[in-house]
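**Student:** Got a predicted structure plus its sequence, pasted below:
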Amino acid sequence: MRVHTLGSGDPEFAVVACLHGDELCGKNAIERFLAAKIPVEKPLKLIIANEEAIAEGERFLDEDLNRAFPGHENSESHEDRLAAAVLDELDGLQVLDLHSTVSFPEPFVFYHRLTSHTRRLLRATGLARAVNISHVGGGLINHVDGVAVECGLKGSDEASEHAYNVLVNFLASHRIIDHDHALSDPDVYRVTEVVPGAGYEFLGENFEEVEVGEVYATKDGEPEKVAGESFFPVLMSTGGYDHLIGFAAQRLGALSSLEDDPSDD
Ligand SMILES: [Zn+2]
């Protein structure tokens with residue numbers, strides 16, 4: 001794990017890249033930001049998490065780091081140990097976590113629970129779409145006060161460009177740097193179903209509504225996948241996951257129209 005702390009004092013905010021070692025957009029954005037030497041007006045922590053997986057060109061070495069939280073300090077598993085170390089670095093901080101995908105070229109942002117903090121973090125990304133992923137559970141943002149951005153297609157220059165733009169907008173929105181920025185009022189979706197299936201061809205488009213009765217995935221020798229109710233596909237793809245087509249979501253409306261989620265405690 002590589003940690004850069006900029007400015008003086010205790011940071012309130014952190015940006016995390018490469019929980020998945022084969023998703024380099026966040027690392028590229030952080031390195032571009034560091035090279036630009038933009039002065040920070042408040043302290044900031046930048047983390048490139050799974051350097052060992054990056055070096056191997058792999059998503060992970062022993063297990064998916066983003067499914068390993070809270071992790072264990074003395075584990076046999078590299079990612080289980082790293083998860084504990086990452087959480088330690090992020091203790092008490094508000095977090096922007098940068099990822100990329102094989103399923104959708106436009107950036108959007110995930111969150112777990114809508115609070116005054118996450119509402120502000122979602123708006124600070126400047127993005128047009130936000131997705132409540134709490135139905136799926138796990139993930140870093142279930143363990144910290146934070147949001148996770150899918151920046152675009154894995155390995156694409158556009159994903160790195162989106163990651164950089166989100167990073168700069170996020171920092172400027174929180175007055176960490178002095179730069180043009182815009183707070184957005186994203187359209188919010190909530191994942192309500194994990195859609196299983198291996199080897200299916202996904203026929204729809206992410207964030208475009210699938211109507212009741214519509215065939216949205218096919219596979220030779222298997223019944224077609226037909227929508228039992230209308231839904232919005234999220235991270236659905238052909239061959240993106242081993243055992244999933246992706247996720248089905250409902251649209252909740254503009255962020256500004258939504259109440260905070262009730263707290264768990
Ligand atoms: Zn990822």
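**Tutor:** Yep, that arrived.
**Student:** residue contacts, the closest residue to the ion within the stretch 151-265 of the chain?
**Tutor:** Of all residues in the stretch 151-265 of the chain, K154 sits closest to the ion, at 8.4 Å by C-beta to the ion. No exception for glycine: its C-beta is placed from N, CA and C like everyone else's. Applying C-beta atoms under 8 Å, 6 or more residues apart in numbering, we find K154 in contact with D22, E23, C25, S100, T101, V102.
**Student:** these two touch, right, the second one and V102?
**Tutor:** No: in terms of C-beta atoms under 8 Å, E23 does not count as a neighbour of V102; the distance is 10.1 Å.
**Student:** of those two, who's got more company?
**Tutor:** Neighbours per residue, other C-beta atoms under 10 Å: of E23 and V102, the larger number sits with E23, 24 against 13.
**Student:** tell me the pLDDT at the more buried one?
**Tutor:** Looking at E23, its pLDDT reads 97.
**Student:** And for it, nearest residue in space, chain neighbours not counted?
**Tutor:** S100 (4.4 Å; C-beta to C-beta, 6 or more residues apart in numbering).
**Student:** Let me know the secondary structure of that neighbour.
**Tutor:** strand (DSSP: H, G, I helix; E, B strand; the rest coil).
**Student:** Give me the neighbour count for it.
**Tutor:** Residues lying near S100 (other C-beta under 10 Å) number 26.
**Student:** hmm, back to that, which residue packs closest to the residue of the stretch 151-265 of the chain closest to the ion, ignoring adjacent ones?
**Tutor:** Excluding its sequence neighbours, the residue lying closest to K154 (C-beta to C-beta, 6+ apart) is S100, at 4.3 Å.
**Student:** In this protein, which helix is the longest?
**Tutor:** If you go by DSSP state H, the chain has its longest helix at helix 157-173.
**Student:** Please export the C-alpha coordinates of that one as PDB.
**Tutor:** C-alpha atoms of helix 157-173 as PDB (Å, rounded to 0.1, in the frame of the first residue of the first chain):
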ATOM      1  CA  ASP A 157      -8.100   6.400 -21.200                       C
ATOM      2  CA  GLU A 158     -11.600   7.700 -20.700                       C
ATOM      3  CA  ALA A 159     -11.900   6.000 -17.300                       C
ATOM      4  CA  SER A 160      -8.600   7.600 -16.200                       C
ATOM      5  CA  GLU A 161      -9.900  11.000 -17.400                       C
ATOM      6  CA  HIS A 162     -13.200  10.600 -15.600                       C
ATOM      7  CA  ALA A 163     -11.300   9.500 -12.400                       C
ATOM      8  CA  TYR A 164      -9.200  12.600 -12.600                       C
ATOM      9  CA  ASN A 165     -12.200  14.900 -13.200                       C
ATOM     10  CA  VAL A 166     -14.100  13.300 -10.300                       C
ATOM     11  CA  LEU A 167     -11.100  13.600  -8.000                       C
ATOM     12  CA  VAL A 168     -10.600  17.300  -8.800                       C
ATOM     13  CA  ASN A 169     -14.300  18.100  -8.500                       C
ATOM     14  CA  PHE A 170     -14.500  16.200  -5.200                       C
ATOM     15  CA  LEU A 171     -11.400  18.000  -3.700                       C
ATOM     16  CA  ALA A 172     -12.500  21.400  -5.000                       C
ATOM     17  CA  SER A 173     -16.100  20.900  -3.600                       C
END
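**Student:** Is that helix positioned near the ion?
**Tutor:** No: using C-beta under 5 Å from the ion, we find that helix 157-173 stays clear of the ion, coming within 11.0 Å at best.
**Student:** so how far is that helix from its chain's centroid?
**Tutor:** Mean-position distance between helix 157-173 and its chain equals 13 Å (C-alpha atoms, centre = their mean, to the nearest Å).
**Student:** All good on my end, thank you.
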